[in-house]
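Colleague: Model the following, please.
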Amino acid sequence: MNKKGFTLIELTVSIVLLSLIMVFMFNFLSILKKDEDKIENNTEIIVMRNSISQYINEDIRNNEGISEISCCNEYDCTYTCPDESENIDAYGIHMKNGKIKKITLVKAELDENTKPYQIVMYEDITDTNNIVIELKRQLPEKYSFNPLIYSNMNNLHYIKIPVTLHPELDIEIVYQNKD
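Modeller: As a prediction, this is how the structure comes out:
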C-alpha cells in the first residue's frame, strides 16, 4: 500500500528533534546577548574613561600646569589631605595660572545605605559666585568607583579614579611639571 504522509512516530521524533534544536538555539542566543551587554558596558566605560582623562589633561595643559593638589570639602579646597587610609572623594587641582579645579566622585541616588560612587565631576571653583560644572559623567549602573587616589613623585602628579573590581578600566590623570 502506498501511503502519503507521516506516521505518528515520525512526527513525534521530528518534534522532539526540533525542540532540542530550539532549546540549543535559545541558550546560544542568551549567551550572545549577555556577552553583547558586557562588551557594550565595557566599551561605554572605556569611551568615558578616555574622554574624562583627555578633557582633564588638556585642561591642565591649557591652565599652565599644576602647582599643587589639595583635598576638598564642598567649595574649600585649601586643606592638606589626611593620611592615606582615609577615603578621599574630592581633590582640588591648583593650576599655575591661579585657577582651582575640583575633581569629585559623587554617590548615586540609590539605596541610602549602599550608595556607591557613580559620577565623576570636574569643575572650576575659582569663582564661587559662578560655578560651572565642566564635566559630569556617570558609570553604567553595574559599575562603581572606589575613592580617589593621588600621588606625587618627582613633579609627576598622578590622580587615579579606580573602577571597582575592574582595574583595567581605571581612569588616570597624569601631569608632569617641567621645572
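
Colleague: the helices in the protein, which residues?
Modeller: Secondary structure of the chain (DSSP state H): helices located at 8-62.

Colleague: Next, the angle from the helix or strand of it with the lowest mean pLDDT to helix 8-62.
Modeller: None of the helices or strands of the chain scores lower by mean pLDDT, DSSP states H and E than strand 132-138, at a mean of 76. Strand 132-138 and helix 8-62 are oriented at 150 degrees to each other (axes from the mean of the first three to the mean of the last three C-alpha atoms, to 10 degrees).

Colleague: Contact partners for residue 172?
Modeller: Taking C-beta atoms under 8 Å, 6 or more residues apart in numbering as the criterion, residue 172 is in contact with 53, 158-161. All C-beta atoms are positioned from the backbone trio N, CA, C, and that covers glycine.

Colleague: List buried residues within the residues you listed.
Modeller: Buried subset of the contacts of residue 172 (neighbour count, 16 or more other C-beta atoms under 10 Å): 53, 159, 161.

Colleague: which non-adjacent residue is nearest the last one?
Modeller: Going back to what we said before, that points to residue 161. Nearest residue to residue 161, sequence neighbours excluded (C-beta to C-beta, 6 or more residues apart in numbering): residue 171, at 4.0 Å.

Colleague: Nearest residue to the middle of the chain?
Modeller: Residue closest to the average C-alpha location in the chain (C-alpha atoms, centre = their mean): residue 139, at 4.5 Å.

Colleague: residues contacting it?
Modeller: Taking C-beta under 8 Å, 6+ apart, we find residue 139 in contact with 45, 48, 118-119, 145, 163.

Colleague: just the contacts of residue 172 now: which is nearest residue 69?
Modeller: The nearest member of the contacts of residue 172 to residue 69, counting by C-beta to C-beta, is residue 159 at 7.4 Å.

Colleague: what about residue 105, neighbour count?
Modeller: Neighbour count of residue 105, defined by other C-beta atoms under 10 Å: 21.

Colleague: would TSV of the buried ones among the contacts of residue 172 with distance to residue 26 be doable?
Modeller: Below are the buried ones among the contacts of residue 172 laid out as TSV (distance: C-beta to C-beta, whole Å):
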residue	distance to residue 26
53	41
159	46
161	39
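
Colleague: Redo the contacts of residue 139 as TSV? Include pLDDT.
Modeller: What follows is the contacts of residue 139, written out as TSV (pLDDT from 0 to 100):
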residue	pLDDT
45	84
48	86
118	86
119	86
145	87
163	88
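
Colleague: Show me which of those residues is closest to residue 81.
Modeller: Of all the contacts of residue 139, residue 145 has the smallest distance to residue 81: 17.7 Å, by C-beta to C-beta.

Colleague: Go ahead and confirm that closest one touches residue 166.
Modeller: No. Residue 145 is beyond contact range of residue 166, at 10.2 Å (criterion: C-beta atoms under 8 Å).

Colleague: No more questions from me, cheers.
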